[in-house]
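J.: Pasting a predicted model and its sequence here:
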Amino acid sequence: MQFYSSAVTLKGAGTVDSPYLIYTEEELISVALGNVANSYMSCYLLKNDLELTADTWTPIGATDATAFQGIFDGDDNTISGLTIAS
């Protein structure tokens with residue numbers, strides 16, 4: 001299991017016209033951890049199929065205070081290996 005504590009630089013501007021592009025598990029985790037500016041209100045486009053290696057996943061915007069209000073477009077890609085602890 002890997003944890004990423006620092007922000008990664010995503011391509012794009014996080015807007016509808018220029019969404020942040022997610023290519024890797026590291027980038028997706030960084031978004032979920034809130035390491036991307038305005039991550040819970042931004043727009044994202046998944047650019048690759050991802051196989052997650054983390055044992056459990058904390059969803060993007062996992063609390064009421066950080067509820068996800070953005071757009072996440074999978075662009076016909078898949079995220080597999082995803083387990084959410086209840």
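T.: It's in.

J.: mind listing the helices in this structure by residue range?
T.: 25-32 (DSSP state H).

J.: which helices and strands does the helix or strand bottoming out on mean pLDDT in it pack with?
T.: Every helix and strand in the chain was compared by mean pLDDT, DSSP states H and E; the lowest is helix 25-32, with a mean of 88. In terms of contacts (3 or more Cβ pairs under 8 Å, 6 or more residues apart in numbering; DSSP states H and E), helix 25-32 is packed against strand 20-22, strand 50-51. Bear in mind the C-beta positions are built from the backbone N, C-alpha and C, glycine included.

J.: How far away from the center of its chain is that helix?
T.: Centroid separation for helix 25-32 versus its chain: 5 Å, with Cα atoms, centre = their mean, to the nearest Å.

J.: Which positions within it qualify as buried?
T.: Going by neighbour count (16 or more other Cβ atoms under 10 Å), the buried part of helix 25-32 is 25, 27-32.

J.: Redo the residues you listed as JSON lines? Include distance to Glu51.
T.: Formatted as JSON lines, these follow (distance: Cβ to Cβ, whole Å):
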{"residue": "Glu25", "distance to Glu51": "8"}
{"residue": "Glu27", "distance to Glu51": "14"}
{"residue": "Leu28", "distance to Glu51": "11"}
{"residue": "Ile29", "distance to Glu51": "13"}
{"residue": "Ser30", "distance to Glu51": "17"}
{"residue": "Val31", "distance to Glu51": "17"}
{"residue": "Ala32", "distance to Glu51": "16"}
